[in-house]
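J.: Got a predicted structure here, sequence first:
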Amino acid sequence: MSDQYDAQQIEAKWQGRWAELNVDAASDDPADTRQRYYCLVMFPYPSGNLHMGHVRNYCLGDAVARYKRMQGYNVLHPIGWDAFGLPAENAAIKHGRPPAEWTYANIEQMRAQLKRLGLSYDWSREIATCHPDYYRWEQWLFTRLMEKGLAYQADAEVNWCEPCHTVLANEQVVDGQCWRCDTPVIRKNLKQWFIRITAYAEELLSDLDQLDGWPEKVVGMQRNWIGKSTGAEVSFALDGSDEALEIFTTRPDTLMGVTYLAVAAGHPLAVQAAANNAELAAFLDECSTVSTREADIETMEKKGMPLGVDAIHPVTGERIPVWVANFVLMGYGTGAVMSVPAHDERDFAFARKYGLPVKQVVRPQQGAWDIDQAAFTDPGVLVDSGMFDGLSSQEGGEAITAWLSEHGRGKARVQYRLRDWLVSRQRYWGAPIPVIHCPDCGAVPVPEEQLPVVLPTDLRPTGGASPLNDCDAFRHTSCPRCGGDAERELDTFDTFMESSWYMDRYTSPRDATAMVDAEAMARWVPVDQYIGGVEHAVLHLLYARFYHKLMRDVGLFTREQGGDEPFRNLLTQGMVLKDGAKMSKSKGNTVDPNAIIRRHGADTARLFTLFAAPPEKDLEWNDAGVEGAHRFLKRVWRLYDKLEAQHEGAADAATVRALRFAIHATIQKVTHAFEHGFAFNVAIASLMELSNALQDFTPAGAQARAAYREGLEALVTMLAPFVPHFACEMGELLGFESMAVLRAWPEVDEQALVQDEITLVVQVQGKKRGEISVPKDVSEEQALAAARANAGIAKWLEGMQIVKVILVPGRLLNLVVRPA
RNA sequence: GCCGGGAUGGUGGAAUUGGUAGACACACGGGACUUAAAAUCCCGAGGAUGGAAACGUCCGUGCGGGUUCGACUCCCGCUCCCGGUACCA
């Protein structure tokens, strides 16, 4: 008899054994002919405590990695630490410990927690991004980018978060608020470092098409974020001035219908006009304070004022008034638009409000349109447009753009919403930006031989400006170019710089000669399966795609070696909820993974998180459900006892056949779940069914005994990716020649799935009226005869004439009848 | 507003993509074992309705239509919920 299932003891035993035998390491041996598989989970910020979101993420990844190993793949499954960032500084301020000390202590603690979960990471590849051996390479890349003109310093209006005391990238502003602390951001003009992601806008957009292993939702979000629009730039001369006003429009076909122009409040023309107009100046002030929140913008009243300036229509030479309007954004396009009230709803509403003329220049292909009622925004046929009359919107737009181009008053233009990535942060705990400011030479990249620029780790942040400002040893240096006195750049990198390339670094984590090793990249990248939270849909996943292309283009690897995209397949997992809400300390609804592990063991925690919901949906935490998962393991544990016990008599052949059918149908289902969509909740449910079938089966007689053993062995083997310790221990009881986690994945015995007799559902008029047991290859006549012979079915056929018989082989028989 | 996803028992969720709706689990109820409890095992269960029972009938996958022998699944029109977001000219 087996002892009682003792998770704590079993889990310690197997974790020790796996570590000792180093079973989770990926092989870089060129002689290793196994197919390779790269399974990656989003690495954690080392906050010090694992939360349920991590647990879910890593259990999903571990199940995939373990399954692939059992399928015979050479699997790379690494882990590391996204170790720079604000929480370390905040903790440092609070506890008076240097961020480095706090961070490394947390890593120790979290590493122990991950190991306690029995996750099959290749720990020899562990990286921490706050280590100079790691961040030196992004410093190196940055200096290359400076040389290529892809990294630059510029004055710009940027998002500033006061509590965080730093600027933020566009992507980090959510509803006008800081993504970290939810404080409204302030617009400030500052000199900052940028990386020219806009130079890659087109490639980032078009390569989305190859990401067919990504959720459409994420692809769509990125597409929107990049925000490509095609149209034309038009130059309107200003009356009584040499200057011209540039506008961007996606509807050049409506140019002849322009009745006014509108500029943003921040536009130089508006500012200039306000200089001697107090009323206008007050209006501009009002515009600068409007919220950037989506909901507010939606309901915001459209307002404007005339600037008292006229522009000249580029084709007709007509005078057109220029207005300032609160809905025109300085940061997009040229900060000025042409307004065509007849063909744009917003312009229509604005024109109505201020009594501006509406001039229709496009009519529908068919039918009429009452332009006094509403704007006509669809494409159509050009009218009242002089030489362009009669053209379609498409042709007209092209013709007008061509005309403008010929006359030097405009040209075709593609506009993106995406803006350059602001990467400098006024914070201490980050990778130093490798730049030296020289009074004579300007901003000079730190030469390769002087890298890394090591961040001093003994400073204590106080909450205000970065302590680097007061660290003379760091600050004062000499210019690499002229040798004169110079100062180091004191800003550090956005932490998304580190997380943008860690997946590539895992392939050669200790390479001291290069950022990545091209051979290793060729071996592993792109990542076959990436798993993480959907909150990174735009931020991290966009930056990582961009970085991958940058690294390719500075020659770190070729397209053939590393591909154009870093992640082939992406799984975005749902959140873990408690009482319908996201777990958070402030809500007090957190569940501590360690407590679950102490109570029931890691395997129970793993099993429940995978069973409770499909991976991409939110998971509602349920303590009773955890108990249920634990009970299931105990039930499987006891199945072994029946193998040892003596049983009277012998099970009949049909019963044995039915069990073998169940076993192999289960193998088929579970394998399918791993190969299509990772529906582990369903996979585990079918393993439970198999367990129930074994429980109901008495292994009496040699045949039955063999079938029972076959079933139990298959069950234990298929449980290995989910509950590896449990599976290993049971495998040992069963006498497996190798550890359960190292076994080959079971194969379906097609013979076992062949059934001589099948159950056919019989419908009359599409309604189920009974079941019949018939031979597998039953003919329509035979099936019909069997159906008639069944009293429960026959009564529905009384007085009826069968007009149609539908036989779905192996499934059902449907009889269409009508009164005889 | 626009884009995406969704709505199935008391609950989480299944349904080989047009073929037995509710697998599996949780919660619940009843029973067995026990001095008792825990643990474990067995049985029940979508709703309504008929029957003493065996068993039967009708309704049922957000709402309304449609296609089909047959619809949770496909089509058209709605309602509500959840994510994302750009007044983007």
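T.: Happy to help now that I have it.

J.: residues contacting A:T698?
T.: Neighbouring residues of A:T698 by CB atoms under 8 Å, 6 or more residues apart in numbering: A:K642, A:H647, A:A651, A:A704. C-beta here means a position set from N, CA and C on the backbone, and glycine is covered the same way.

J.: can you give me the helices for the stretch 1-150 of chain A?
T.: A:7-21, A:52-70, A:86-95, A:99-116, A:132-147 (DSSP state H, counting those that start in this stretch).

J.: do the stretch 151-300 of chain A as well
T.: With DSSP H, counting those that start in this stretch as the criterion, the stretch 151-300 of chain A has helices spanning A:201-206, A:216-226, A:268-274, A:278-288, A:294-299.

J.: the helices in the stretch 651-800 of chain A, which residues?
T.: With helices called from DSSP H, counting those that start in this stretch, the stretch 651-800 of chain A shows them at A:653-675, A:680-695, A:702-719, A:724-734, A:750-753, A:780-788, A:791-794.

J.: what's the first one packed up against?
T.: Counting contacts by 3 or more CB pairs under 8 Å, 6 or more residues apart in numbering; DSSP states H and E, helix A:653-675 packs against helix A:680-695, helix A:702-719, helix A:750-753.

J.: Number of residues surrounding A:A791?
T.: 8 (other CB atoms under 10 Å).

J.: Taking the contacts of A:T698, tell me the two that lie furthest apart.
T.: Maximum pairwise distance in the contacts of A:T698, criterion CB to CB, is 12.3 Å, between A:K642 and A:A651.

J.: closest point of the stretch 351-500 of chain A to RNA strand B, which residue?
T.: Closest residue of the stretch 351-500 of chain A to RNA strand B, CB to the nearest atom of the strand: A:R417 (4.3 Å).

J.: what number of residues lie near that residue?
T.: By other CB under 10 Å, the residues close to A:R417 number 16.

J.: need the contact list for it.
T.: A:R417 touches A:W225, A:I226, A:G227, A:K228, A:S229, A:Y332, counting by CB under 8 Å, 6+ apart.

J.: One more pass at 6 Å, please.
T.: Counting by CB atoms under 6 Å, 6 or more residues apart in numbering, A:R417 touches A:G227.

J.: That one and A:Q782, how far apart?
T.: Here the criterion is CB to CB, to the nearest Å. By it, A:R417 lies 66 Å from A:Q782.

J.: can the helix or strand harbouring A:Y543 be found next to RNA strand B?
T.: Element membership for A:Y543, per DSSP states H and E: helix A:539-553. No. Helix A:539-553 lies out of reach of RNA strand B by CB under 7 Å from any atom of the strand, never closer than 8.8 Å.

J.: name the helices or strands packed onto the helix or strand following that helix?
T.: Following helix A:539-553 in sequence order, the next helix or strand is helix A:559-562 (DSSP H and E). Applying 3 or more CB pairs under 6 Å, 6 or more residues apart in numbering; DSSP states H and E, we find helix A:559-562 packed against helix A:518-524.

J.: outside of the helix it packs on, which residues touch it?
T.: Under CB under 6 Å, 6+ apart, the answer for helix A:518-524 is A:Y38, A:L76, A:T507, A:S508, A:F557, A:Q561, A:G562.

J.: Give me the mean pLDDT for that helix.
T.: For helix A:518-524, mean pLDDT is 96.

J.: so how far is it from its chain's centroid?
T.: The chain centroid and the centroid of helix A:518-524 are separated by 24 Å under CA atoms, centre = their mean, to the nearest Å.

J.: Check the secondary structure at the closest residue to A:L382 other than its chain neighbours for me.
T.: Once flanking residues are discounted, A:L382 sits nearest to A:G396: 4.3 Å by CB to CB, 6 or more residues apart in numbering. Under DSSP: H, G, I helix; E, B strand; the rest coil, the three-state class of A:G396 is helix.

J.: Next, work out how far apart A:G396 and A:R409 are.
T.: 16 Å.

J.: rewinding a little: of the contacts of helix A:518-524, closest to A:S27?
T.: Using CB to CB, the contacts of helix A:518-524 come closest to A:S27 at A:L76, 9.0 Å.

J.: Specify the beta-bridge partners of that closest one.
T.: A:Y38 (DSSP bridges).

J.: okay, it: pLDDT?
T.: pLDDT, read off for A:L76, is 98.

J.: residues contacting it?
T.: Residues counted as contacts of A:L76 (CB under 6 Å, 6+ apart) are A:A26, A:Y38, A:W524.

J.: so where's chain A uncertain?
T.: A:1-3, A:171, A:175-176, A:288-300 (pLDDT under 70).

J.: Point to the residue nearest the middle of it.
T.: The structure's chain A has its C-alpha centroid closest to A:A537; by CA atoms, centre = their mean the separation is 3.7 Å.

J.: Hmm, that one is touching A:V219, no?
T.: No. If you go by CB atoms under 6 Å, A:A537 and A:V219 don't touch, sitting 9.2 Å apart.

J.: coming back round to it: for the residue nearest to A:L382, what are its contacts?
T.: Contacts of A:G396 (CB under 6 Å, 6+ apart): A:D253, A:L382, A:F388.

J.: That'll do, ta.
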